[in-house]
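Asks: below are the sequence and a predicted model; questions follow.
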Amino acid sequence: MTRIDAHQHYWKLARGDYGWLKPEAAALYRDYLPADLDSALSDCSIAGTVLVQAAPSEDETCFMLDLATRQRSILGVVGWVDFESRAAGKRIAALKTRGDGLLKGLRPMVQDIEDAAWLARESLDAAFEAIIEEGLVFDALVTPLHLGVLEQRLERHPDLKCVVDHGGKPSIGTAPLDTWAAHMKRIASGSSAFCKLSGLVTQCNPTATLDALDPYASRLFEYFGPDRIIWGSDWPVLNLRMSYRDWLEMAIELVQRHAPGASEAVFSRNAQLLYGLELTTTEDEPA
């Protein structure tokens, strides 16, 4: 079975625009580049990845697009643009042209914005309309605090292609799941949004277990259905809790529990459909 990792990162500290990435980030405070992930992709039979922004700058988006032109494993890029800029529409169009088919989506770092209601600002409407016009995906990096305003944004733009990153980042084991679950259910039923089965292990304490994740995964599959769930690793942030293979095997078990028979959809087809990804083949590989 072809597998796609729909959420991973690369970064180079010397670039200097990763405001959140400081020495106290421990194992994350170093460069992570394609050579660091190649062996895991090969060992886990991953055909390609979606590279997602880690800095709020267009420069980083260009850095990722440049990597993607040289690295066959990168099938697409989710970048960043200033959604509040009066020129947001032009900037989005320019980045798409710059990407020459590799820019697949955009992601403001909503979780790091002080105003919890930022996502509902009318001043962002033009940026979202440009995303729709350019056929891009909105990756929603939100926490439970932002799910209500995300509902409002999706209601305002019913044609917006959206995916909720990391299952909406529930606080697993430290907060009741009811409020998070109610919001996620409304998002799933009231919009066409997808949801990423990613990033959940770092929402747990350091001893993340399958049983701890299970109630959350269960609800995501119930609400969104197996045709709107997309697997991602969130590597290298994943390394804070477990190895690439360990998370893949845990995710495989969760799919078997809650969506038997849907492995191809969750681990490949849904990402291809949402992001418009094209898998490359060689003469030795079946098409």
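Replies: Now that the structure is in, tell me what you want to look at. This is a predicted model, so every value here is computed, not measured.

Asks: tell me where the model's unsure across the stretch 151-287 of the chain.
Replies: Across the stretch 151-287 of the chain, the ranges flagged by pLDDT under 70 are 281-287.

Asks: again, only using 50
Replies: Judged by pLDDT under 50, the stretch 151-287 of the chain has its weakly predicted residues at 282-287.

Asks: any idea where the helices of it begin and end?
Replies: Here the stretch 151-287 of the chain has its helices, by DSSP state H, counting those that start in this stretch, at 178-190, 210-224, 244-258, 263-264, 270-275.

Asks: which of those helices is buried the deepest?
Replies: helix 270-275 (a mean of 22; mean count of other CB atoms under 10 Å). From N, CA and C alone the C-beta is placed, and that goes for glycine too.

Asks: who touches that one?
Replies: Residues outside helix 270-275 that contact it (CB atoms under 8 Å, 6 or more residues apart in numbering) are 4, 6, 50, 75-76, 104-105, 137, 161, 163, 194, 227-231, 277-279.

Asks: how about stretch 124-135?
Replies: Here stretch 124-135 makes contact (CB under 8 Å, 6+ apart) with 81, 83-85, 88-89, 92-93, 96, 106, 118, 137-138, 153, 156-157, 159-161, 276.

Asks: now these: which count as buried?
Replies: 81, 83, 88-89, 92, 96, 106, 118, 137-138, 153, 157, 160-161, 276 (16 or more other CB atoms under 10 Å).

Asks: narrow those to those in strands?
Replies: If you go by DSSP state E, those have Leu106, Val137, Phe138, Lys161 in strands.

Asks: rewinding a little: tell me which two in the buried ones among the contacts of stretch 124-135 are the farthest apart.
Replies: Farthest pair in the buried ones among the contacts of stretch 124-135 (CB to CB) is Trp118 and Gly276. Separation: 27.8 Å.

Asks: tell me where the stretch 1-150 of the chain has strands.
Replies: 3-8, 46-52, 74-79, 103-106, 137-140 (DSSP state E, counting those that start in this stretch).

Asks: okay if I get those as CSV plus mean pLDDT and distance to Tyr244?
Replies: Below are these laid out as CSV (pLDDT from 0 to 100; distance: least, CB to CB, whole Å):
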stretch, mean pLDDT, distance to Tyr244
strand 3-8, 98, 9
strand 46-52, 98, 9
strand 74-79, 98, 16
strand 103-106, 98, 22
strand 137-140, 98, 21
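
Asks: out of the ones you listed, which is closest to Leu200?
Replies: Here strand 3-8 is closest among the strands of the stretch 1-150 of the chain (CB to CB), at 11.5 Å.

Asks: now that closest one: how far from the chain's centre is it?
Replies: 9 Å (CA atoms, centre = their mean, to the nearest Å).

Asks: same for that strand, what does it pack against?
Replies: strand 46-52, strand 229-231, helix 270-275 (3 or more CB pairs under 8 Å, 6 or more residues apart in numbering; DSSP states H and E).

Asks: what angle sits between it and strand 74-79?
Replies: 20 degrees (axes from the mean of the first three to the mean of the last three CA atoms, to 10 degrees).

Asks: give me the contacts around strand 3-8.
Replies: 37, 41, 44-52, 75, 165-166, 196, 198-199, 230-236, 248, 267-268, 271-272, 275, 277, 279.

Asks: at 7 Å instead, please
Replies: 37, 44-52, 75, 165, 196, 198, 230-235, 267-268, 271-272, 277 (CB atoms under 7 Å, 6 or more residues apart in numbering).
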